[in-house]
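Visitor: predicted coordinates and the sequence they were generated for:
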Amino acid sequence: METPREVIDRALNRETADRIPAALIGAGTWSAREYGVSFKQMSTDSSLMARMITEMADRLKSDIVYVGSGYPNFPVAALGCAINYRDVGTPDLEGTLVHAESDLTGLDLSRISSDPVLSTIRQAYGVVSKALGNYAVTLTAWGPFTLGARLVGEEAMMKALYKNPGLVKSVTEFAVSMLKLFYEPLLSPGLLDLILLGEPTASGDLISRKQFEQFVLPQLQDFISWAAGKGARTILHICGNTTDRLDLYPRTGVHCISLDHKTDMVRAKEILHGTICFAGNVDPVNVLLRGTVQDVEDACRNVIEKVGTRGGFILMPGCDIPPGVPYENIHAFMRVAREWAV
């Protein structure tokens, strides 16, 4: 039987493994709540963070393990934005740092390398990757468009697409620099070989295909090419219905595209199979959170039967799972994939 890492490697290489690869997306909030620890507690304790992730990995059985899940706003916090730690859920940013392009010049990018929380996350990754060598261990972050939106604010970013495209270009290019500085300490020594980028603000429900091609694609290409040059593969998750832009994803250079539950997976297979790995797309709310074990099993089988039997595919939820998802539903999700005869 192949290890979790081996089945993910096969999927990323568009090959058929001896079973269906299956993974959650992130699951940091779910894991922290289940483990009984807060994001604030872990933010300064890499040992606690690593212990939580490794112990929960053994319970969740996800082929991919995510370090940094729940902390994607912290590169912006490192530059001076306040953080609000919530009782449940990922920490939020309070306010914004950029109102005009000129504000970018006042931000000290070197703080990305020295920030204590970001350093804690990187240290935890080192421990987890050694402890879970049989798993595909990744380090997560927002993609350039979403990270740029965190700098200026989501509403301001949407308005700028029409009224100030120069600002959008500048903040997303700046975000690429932030991401490179965040990942560099692990990539240069060859300690990291798998990255997950989340792009919720590039959702198909928020921006058009044309806007994706103009404002999101170039910066994804920049970062993913840079990371690949240092030996890392990238998984990209984009929220919303992106059926109309599936053909653009191979141009990003990404090794796997994770698709929202709204996206047409049959169409995704027609366009992407054999070109890049694709993943998805069980509904995380209506099925995993609110459904029964039977609902989960039926949904997983439906996705696998339609698109997942010929390799180059990973069974995933359509987004990160809510913290209240019953464990038995997660167990059912993983069991269907592991018991599927390939």
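Guide: Nice, I can see it. Residues are numbered from 1 along each chain as shown.

Visitor: going forward, measure contacts and count neighbours with C-alpha atoms only.
Guide: OK.

Visitor: residue furthest from the geometric center of this protein?
Guide: The centre of the chain is farthest from one residue, Ser102, which by C-alpha atoms, centre = their mean lies 30.0 Å away.

Visitor: distance of it relative to Ala299?
Guide: 49 Å (C-alpha to C-alpha, to the nearest Å).

Visitor: mind checking the backbone torsions on the residue farthest from the centre of the chain?
Guide: Torsion angles at Ser102 (phi, psi; degrees, to the nearest 10) stand at phi -60, psi -20.

Visitor: same question, the one 10 residues further on
Guide: Note on Ile112: backbone dihedrals following degrees, to the nearest 10 are phi -60, psi -40.

Visitor: residues contacting it?
Guide: Pro75, Ala78, Leu79, Leu118, Met178, Leu181, Phe182 (C-alpha atoms under 8 Å, 6 or more residues apart in numbering).

Visitor: re the thing from before, state the distance from the residue farthest from the centre of the chain to Leu167.
Guide: Distance of Ser102 to Leu167, given as C-alpha to C-alpha: 9 Å.

Visitor: kindly report the same for Thr275.
Guide: Thr275 is 33 Å from Leu167, by C-alpha to C-alpha.

Visitor: residues in contact with the residue farthest from the centre of the chain?
Guide: By C-alpha under 8 Å, 6+ apart, the contact set of Ser102 is empty.

Visitor: quick one: pLDDT of it?
Guide: Note on Ser102: pLDDT of 96.

Visitor: next: Arg86.
Guide: Arg86 is given a pLDDT of 89.

Visitor: contacts only, for it.
Guide: With C-alpha under 8 Å, 6+ apart, Arg86 has these contacts: Asp92.

Visitor: do a quick rundown of the strands in the stretch 101-250 of the chain.
Guide: Under the criterion DSSP state E, counting those that start in this stretch, the stretch 101-250 of the chain contains strands at 136-142, 194-199, 233-238.

Visitor: just the CA trace of the longest one, in CSV.
Guide: If I follow you right, that is strand 136-142. What follows is strand 136-142, C-alpha atoms only, in CSV (Å, rounded to 0.1, in the frame of the first residue of the first chain):
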residue,chain,number,x,y,z
ALA,A,136,2.5,15.3,2.0
VAL,A,137,3.1,18.3,4.3
THR,A,138,2.5,21.8,3.0
LEU,A,139,2.8,25.3,4.2
THR,A,140,-0.2,27.5,3.5
ALA,A,141,-0.7,31.2,2.6
TRP,A,142,-3.1,33.5,0.8
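
Visitor: now that strand: buried residues?
Guide: Using 16 or more other C-alpha atoms under 10 Å as the test for burial, strand 136-142 gives Ala136, Val137, Thr138, Leu139, Thr140, Ala141, Trp142.

Visitor: max-length helix in this protein?
Guide: helix 165-187 (DSSP state H).

Visitor: what's that helix in contact with?
Guide: 75, 100-101, 104, 109-110, 112-113, 118, 122, 141, 144-145, 147-149, 151, 157, 160-161, 192-193, 215, 219, 222-223, 227, 230-232.

Visitor: got a quick ChimeraX command for the buried subset of the residues you listed?
Guide: The buried subset of the contacts of helix 165-187, as determined by 16+ other C-alpha under 10 Å, is captured in ChimeraX by this line:
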select :75,104,109,112,113,118,122,141,144,145,147,148,149,151,157,160,161,192,193,215,219,222,223,227,230,232
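
Visitor: next secondary structure after the helix or strand hosting Asp58?
Guide: According to DSSP states H and E, Asp58 maps onto helix 46-60. Using DSSP H and E, the next helix or strand after helix 46-60 towards the C-terminus is strand 64-67.

Visitor: what's the first helix or strand after that next one?
Guide: On the C-terminal side of strand 64-67, the closest following helix or strand by DSSP H and E is helix 74-78.

Visitor: which residues touch Trp84?
Guide: Careful, residue 84 is Asn and not Trp. By C-alpha under 8 Å, 6+ apart, the contact list for Asn84 reads Pro91, Asp92, Leu93, Glu94.
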